[in-house]
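Visitor: Here is my input; please provide its structure:
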Amino acid sequence: MKSKFLILIFLFSLESLFAQEFAIINDIDGYTNVRSANNKTSKILDKLNNRHLICVMNPEGNWWNIDYAISKNEIKVGYVYKDRIKLISEYKKIPISEEKNNEILFSNKAIEVKVVETKFEKNKHSFNYVKNYPNQILKIDGKDYWGTDGEIPKTEYKSITIKFNNSTLQLPKEALENLYEPNLSSTKVNFDKDNDIIYISAMNSDGAGGYLVIWKIEKGLYKERFVAYGF
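Guide: Take a look at the predicted model:
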């Protein structure tokens with residue numbers, strides 16, 4: 001009975017993740033309002049400028065329910081009108097050209113992106129545990145983390161390298177830290193040619209600690225990452 005229950009949780013988690021997708025604000029006014037409910041008379045929570053990264057889910061009529069962040073440490077929820085966004089998947093897809101056990105390569109004539117994972121080495125990290133639950137990890141290296149539900153991670157990102165315009169960029173350590181159990185097969189690379197932006201995204205999970213992550217590289221420079229919980 002317990003195993004069936006865990007399987008149901010896992011399937012629900014996957015369904016929740018697949019129902020979500022990254023997008024950006026794309027409004028003719030240059031910004032859009034985030035509202036507390038799916039109607040134009042509800043409270044305005046925030047105003048997001050064009051190309052602000054969001055995660056959309058659960059369309060309700062003419063509205064999208066979204067996750068978004070103003071600061072790195074706070075995920076907010078709200079609603080935006082359906083024609084005020086553009087899905088990242090609508091941009092040109094960079095195809096997979098090679099896939100191995102621990103790395104995946106995306107490439108076309110102009111862009112090459114290599115994502116590499118590695119085994120998690122416990123002795124290189126520090127852990128804080130939940131009070132009264134000594135086996136439940138609260139923080140790793142003093143920070144919140146994604147990818148497991150309180151257990152020791154098995155894998156983590158080793159590197160993400162982008163080659164374009166005869167130059168090479170490797171994402172900095174802070175772009176990859178605290179992101180565990182990467183799923184290379186779920187990784188996607190999209191290119192916004194008009195604004196010279198590369199988006200790298202993935203849906204990662206150990207079966208319980210599901211999350212989505214996206215990195216933004218604009219005009220050859222790493223700009224930001226956005227992490228959204230799957231459930």
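Visitor: Over to stretch 132-149 now: how far is its first residue from its last?
Guide: Start-to-end span of stretch 132-149 (Cα to Cα, to the nearest Å) is 16 Å.
Visitor: ugh, wrong one, stretch 123-139
Guide: Distance between the boundary residues of stretch 123-139 (Cα to Cα) amounts to 15 Å.
Visitor: And that stretch, how far out from the chain middle?
Guide: 24 Å (Cα atoms, centre = their mean, to the nearest Å).
Visitor: Give me the buried stretch members for it, please.
Guide: For stretch 123-139, the neighbour count (16 or more other Cβ atoms under 10 Å) marks Ile137 as buried. For the C-beta atoms, the positions are set from N, CA and C on the backbone; glycine is no exception.
Visitor: What lies in contact with that stretch?
Guide: Here stretch 123-139 makes contact (Cβ atoms under 8 Å, 6 or more residues apart in numbering) with Ile140, Asp141, Gly142, Tyr145, Thr148, Gly150, Glu151, Ile152.
Visitor: Tell me the one of those residues nearest Leu87?
Guide: Tyr145 (27.6 Å; Cβ to Cβ).
Visitor: pretty sure that closest one is touching Glu181, no?
Guide: No: counting by Cβ atoms under 8 Å, no contact exists between Tyr145 and Glu181, whose distance comes to 10.1 Å.
Visitor: Now do the shared contacts for these two.
Guide: Common neighbours of Tyr145 and Glu181 are listed as Pro153 (criterion: Cβ under 8 Å, 6+ apart).
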